[in-house]
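> Quick one: sequence and predicted model below, then my questions.
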Amino acid sequence: MDTIWSFLSVLLPFLFVLTVVVFIHELGHFLVARWCGVKVQAFSIGFGREIWGFYDRHGTRWRLAWIPLGGYVKFIDDENGASVPSRDALSRMDVEERKGAFQSKSLGQRAAIVAAGPLSAPPAPRQNAPPR
């Protein structure tokens with residue numbers, strides 16, 4: 001029984017910190033995408049079946065899922081949560097909807113959206129160099 005508690009005392013703080021880092025990372029993608037006019041379908045922390053979620057006033061589904069080992073931001077022209085572009089979805093959109101698609105944005109806007117995740121996550125703590 002002590003082994004289980006010992007394992008949980010390491011696992012639970014790890015999952016909490018990972019969830020916070022994933023949230024900040026995905027929020028970077030999300031905020032820059034919104035700023036660039038990309039329509040976001042879903043903002044998910046975790047993978048798999050949804051535990052809890054809600055829709056915001058822009059129609060984005062904010063969700064918390066069962067497997068807390070990552071997350072994703074899904075745009076309207078994504079085929080899935082891995083941001084695989086869907087040419088089929090893009091071809092079905094009218095001109096106005098296409099304006100909100102990630103694939104219709106300029107190279108600079110797409111690069112900013114992609115880079116915003118890693119740039120927004122907190123940096124790893126630096127260790128002091130040993131004295132010489």
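The structure has been received and is ready for your questions. From a predicted model like this one, the values you see are computed outputs, not experimental measurements. Numbers count the residues shown, from 1 in each chain.
> which residues touch stretch 36-54?
19, 22-23, 26-27, 30, 33-34, 58-76, 78, 81, 97, 99-102, 105, 109, 112-113 (CB atoms under 8 Å, 6 or more residues apart in numbering). Quick note: C-beta positions are derived from backbone N, CA and C, even for glycine.
> tell me which residues of it are tucked away?
36, 38-40, 42-46 (16 or more other CB atoms under 10 Å).
> how far away is the closest residue to residue 121 other than its chain neighbours from residue 7?
Leaving aside its sequence neighbours, residue 121 sits nearest to residue 25 (CB to CB, 6 or more residues apart in numbering; 4.4 Å). The gap separating residue 25 from residue 7 is 26 Å, by CB to CB, to the nearest Å.
> the more surrounded of the two?
Higher neighbour count among residue 25 and residue 7: residue 25, with 20 against 10, using other CB atoms under 10 Å.
> Check which element follows the strand or helix carrying that one along the chain.
Per DSSP states H and E: residue 25 is located in helix 2-35. Scanning forward in sequence from helix 2-35 by DSSP H and E, the next helix or strand is strand 40-55.
> Skip ahead from that following strand and say which helix or strand is next.
Using DSSP H and E, the first helix or strand after strand 40-55 is strand 61-75.
> Output the following helix or strand past that next one in PDB, but only the C-alpha positions, please.
Per DSSP H and E, the first helix or strand lying C-terminal to strand 61-75 is helix 87-92. In PDB, the C-alpha atoms belonging to helix 87-92 read as follows (Å, rounded to 0.1, in the frame of the first residue of the first chain):
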ATOM      1  CA  ARG A  87      -9.000  19.700 -48.000                       C
ATOM      2  CA  ASP A  88     -12.500  18.300 -48.100                       C
ATOM      3  CA  ALA A  89     -13.600  20.500 -45.200                       C
ATOM      4  CA  LEU A  90     -12.000  23.500 -46.900                       C
ATOM      5  CA  SER A  91     -13.700  22.700 -50.300                       C
ATOM      6  CA  ARG A  92     -17.200  22.600 -48.600                       C
END
